[in-house]
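# return atomic coordinates for the entry below.
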Amino acid sequence: MSIEIWAGWFAGLCIGLFVILHFWVMGKPAGCSTGYGNFCGLITKKVSYFHTGEYRDINNPKLWFLIGIPLGGLISALMSPEPWHLSFDFGMYNQILPQTDAGKAIWLMFGGAMLGFGARLAGACTTGHALVGGAMMNPPSLLAGAVFFMSAFVTTRLLFDAF
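The predicted structure is shown next:
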């Protein structure tokens, strides 16, 4: 069975429409790093670093937005005609990640924690800065988005040129 891939222009249009729809329905910009911080804040109530903004409880739209990301992926996988299975196959990244499944899992958890820390430090994630802040033409968000993508480009080139 072949995999259908959306055209880049169509996927970009859908993402842009989602950003507008989310702002229209919720009255606040989309973004998941605040939800991540709020989730950590619910677990570690004594660490004030994670308590951001007005949302500090379970009735938090950004927290539900964050929960919806993996939930939507799970629903999509379960509705797929192909059988679903857990895999640690990362394509071209297999050359630079550890070879054992446990090593990959540890590396990815560390990377995810660093992404969360960086997003909290920057005041938003790539969704918040590049998509929402970019759509609003917010200068700090445009700069942050440019730095995010340029650092990802440089890091990828360094990793794959070194191997």
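# buried ones in stretch 146-163?
Neighbour counts over stretch 146-163 (16 or more other CB atoms under 10 Å) mark residue 148 as buried. (Each C-beta comes from the backbone N, C-alpha and C, glycine too.)
# what's the average pLDDT for that stretch?
In this model, stretch 146-163 has an average pLDDT of 84.
# CA atoms of it as CSV?
Provided in CSV are the C-alpha atoms of stretch 146-163 (Å, rounded to 0.1, in the frame of the first residue of the first chain):
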residue,chain,number,x,y,z
ALA,A,146,14.3,32.4,12.0
VAL,A,147,16.7,31.4,14.8
PHE,A,148,14.8,28.1,15.4
PHE,A,149,15.0,27.1,11.7
MET,A,150,18.5,28.3,11.1
SER,A,151,19.9,26.5,14.1
ALA,A,152,18.0,23.3,13.0
PHE,A,153,19.5,23.6,9.6
VAL,A,154,23.0,24.2,10.9
THR,A,155,22.7,21.4,13.4
THR,A,156,21.5,18.9,10.8
ARG,A,157,24.3,19.8,8.4
LEU,A,158,26.9,19.4,11.1
LEU,A,159,25.5,16.1,12.2
PHE,A,160,25.2,14.6,8.7
ASP,A,161,28.4,16.0,7.3
ALA,A,162,30.3,14.7,10.3
PHE,A,163,29.1,11.1,9.7
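# contact partners of it?
If you take CB atoms under 8 Å, 6 or more residues apart in numbering as the criterion, stretch 146-163 is touched by 92, 95, 96, 126, 129, 130.
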